[in-house]
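S.K.: Structure for this input, please:
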Amino acid sequence: MIKDNYLYTTVYNTLTEIVLGSDCTYIYAHSIEGRSFIVDELIKCDGTKTNFVELKEIEFDFIQDELFNRKFNLRDSESMFEFYSNYCKTNIYIDTSGLNNRICASLLKNAFILFDKLGLKDIRVIYAEPEEYNVVQFSSEGIFNDLSESIKGIDPLPGFANIIPYDQEDSILIALLGFEGGRFKYILENIEPNKLIIYPVIGVPGFRPEYPFVAYWGNRRPLESNDIWPNIRYVCANSITDVYILLIKLMRDSPSGRIKIAPIGTKPHAIGAILFAINNPLTVEIIYDNPKREKQRTAGVGKIIECSVYKLLKDK
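M.R.: I've put the predicted structure just below:
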């Protein structure tokens with residue numbers, strides 16, 4: 001039974017505190033965000049004990065393993081098995097700091113599916129918080145006024161094409177919010193939630209003390225127009241475990257026992273939603289809008305989170 005966050009999570013204040021386990025593969029990507037480069041220091045300190053595997057998105061839902069210069073399909077289970085089979089290690093670290101949610105979803109789901117076949121012992125997620133976001137209080141909540149330059153549109157995450165056939169009045173929508181009210185507005189407009197029970201979730205405490213207020217401001221219009229202020233829930237912005245536990249509680253409030261989740265906030269919240277969908281494949285639908293990011297949104301490196309997601313899901 002899941003109890004406390006500290007049973008699954010370690011929080012580091014500096015890179016020098018991180019000690020990778022033995023016999024492990026560390027999967028990562030570099031992005032435009034500086035915090036995605038924490039791996040470079042880990043590589044210097046680790047030497048050759050760990051398989052460090054750099055991924056690069058070369059086209060939609062296709063990644064390239066930079067070590068072997070090979071292409072893999074995120075939507076193809078055989079292709080992902082081939083990817084993981086290249087690395088005969090018992091522990092997998094997935095550094096989500098520079099990976100988008102589509103890549104994270106496929107890596108996590110396939111790692112769990114192949115856990116026994118690959119002889120794995122643990123799956124761990126690493127995430128580097130930003131020291132600060134480059135945000136202002138938004139004067140309007142349009143897509144192009146937010147942190148995302150554009151939205152590609154709602155398309156299921158690889159391996160999560162689960163459209164649950166039930167009436168809207170039986171549905172609960174859990175929106176894991178960030179600063180981008182334009183994304184929340186887009187989700188609501190595209191799923192027509194007039195009969196849905198909507199639970200917005202805001203990260204409290206945030207990465208910085210003022211960030212919850214920025215999230216309120218950025219999402220104020222969709223919150224007001226749908227009259228869902230009373231339904232707001234709060235969970236720590238950097239905790240995979242806490243959001244996972246919250247999703248368990250909110251699912252109990254669903255008349256049908258089934259829910260829709262829109263992970264449009266922090267990366268830890270998105271990972272928690274992905275893990276919850278992995279453990280509840282018949283009752284959870286993830287709604288994802290696929291933002292396109294071309295500009296740097298953060299500066300610096302804050303705390304670094306490490307979570308044993310295998311243990312989290314095993315405990316249920």
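
S.K.: From here on, just use CA atoms for contacts and neighbour counts.
M.R.: Fine.

S.K.: State the number of residues packed around the closest residue to Gly203 other than its chain neighbours.
M.R.: Residue nearest to Gly203 in three dimensions, not counting chain neighbours: Ala237, with 4.0 Å by CA to CA, 6 or more residues apart in numbering. Using other CA atoms under 10 Å as the criterion, Ala237 is surrounded by 27 other residues.

S.K.: ok, Ala237 to Pro268 distance?
M.R.: When CA to CA, to the nearest Å is the yardstick, Ala237 and Pro268 sit 7 Å from each other.

S.K.: Quick one: residues contacting the residue nearest to Gly203.
M.R.: Neighbour list for Ala237: Ile202, Gly203, Val204, Pro205, Gly206, Phe207, Thr266, Pro268, His269 [criterion: CA atoms under 8 Å, 6 or more residues apart in numbering].

S.K.: In what element of secondary structure is it found?
M.R.: Following DSSP states H and E, there is no helix or strand that holds Ala237.

S.K.: if I look at it, how far off is Leu176?
M.R.: 10 Å.

S.K.: Identify the contacts common to those two.
M.R.: Between them, Ala237 and Leu176 share the contacting residues Ile202, Thr266, His269, judged by CA under 8 Å, 6+ apart.

S.K.: which of those lies closest to Ile43?
M.R.: Taking CA to CA as the measure, Ile43 lies nearest Thr266 of these, at 25.9 Å.

S.K.: mind listing what the closest one touches?
M.R.: Contacts of Thr266 were listed using CA under 8 Å, 6+ apart, and they are Leu176, Leu177, Gly178, Gly203, Ala237, Asn238.

S.K.: cool, Lys121 as well?
M.R.: So Lys121 contacts Thr90, Asn91, Phe115 (CA under 8 Å, 6+ apart).

S.K.: Okay, strands next: where are they in the stretch 151-300 of the chain?
M.R.: 172-177, 197-203, 233-235, 259-264, 284-286, 291-292, 298-299 (DSSP state E, counting those that start in this stretch).

S.K.: And for the stretch 1-150 of the chain?
M.R.: Read by DSSP E, counting those that start in this stretch, the stretch 1-150 of the chain holds these strands, from start to end of the chain: 9-12, 24-28, 51-59, 62-65, 70-73, 91-95, 122-128, 132-133, 150-151.

S.K.: Turn those into JSON lines, including distance to Ala277.
M.R.: Converted to JSON lines, the strands of the stretch 1-150 of the chain look like this (distance: least, CA to CA, whole Å):
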{"stretch": "strand 9-12", "distance to Ala277": "20"}
{"stretch": "strand 24-28", "distance to Ala277": "22"}
{"stretch": "strand 51-59", "distance to Ala277": "23"}
{"stretch": "strand 62-65", "distance to Ala277": "22"}
{"stretch": "strand 70-73", "distance to Ala277": "21"}
{"stretch": "strand 91-95", "distance to Ala277": "18"}
{"stretch": "strand 122-128", "distance to Ala277": "16"}
{"stretch": "strand 132-133", "distance to Ala277": "28"}
{"stretch": "strand 150-151", "distance to Ala277": "23"}
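
S.K.: Kindly reformat these as CSV and extend each row with mean pLDDT and distance to Asp40.
M.R.: Putting the strands of the stretch 1-150 of the chain into CSV (pLDDT from 0 to 100; distance: least, CA to CA, whole Å) gives the following:
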stretch, mean pLDDT, distance to Asp40
strand 9-12, 94, 17
strand 24-28, 96, 10
strand 51-59, 95, 10
strand 62-65, 97, 17
strand 70-73, 97, 22
strand 91-95, 97, 12
strand 122-128, 97, 13
strand 132-133, 82, 21
strand 150-151, 77, 30
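
S.K.: Out of those strands, which gets nearest to Val243?
M.R.: Ranking those by distance to Val243, with CA to CA as the measure, places strand 9-12 first at 12.8 Å.

S.K.: Give the pairing partners of the closest one; include direction for each.
M.R.: Its sheet considered, strand 9-12 pairs with strand 304-308 (antiparallel) by DSSP bridges.

S.K.: For the strand it pairs with, give the mean pLDDT please.
M.R.: The average pLDDT within strand 304-308 is 96.

S.K.: which residues sit against it?
M.R.: Identification of contacts with strand 304-308 by CA under 8 Å, 6+ apart yields 8-15, 122-129, 238, 240.

S.K.: From the residues you listed, list the buried ones, please.
M.R.: If you count burial by 16 or more other CA atoms under 10 Å, the buried members of those come out as 8-9, 11, 15, 122-129, 238, 240.

S.K.: Identify the farthest-apart pair in these.
M.R.: Taking CA to CA as the measure, those span a maximum distance of 22.6 Å, between Asp122 and Glu129.

S.K.: Which of the helices and strands in this protein ranks last by mean pLDDT?
M.R.: With mean pLDDT, DSSP states H and E as the measure, the helix or strand of the chain carrying the lowest mean pLDDT is strand 150-151 (a mean of 77).
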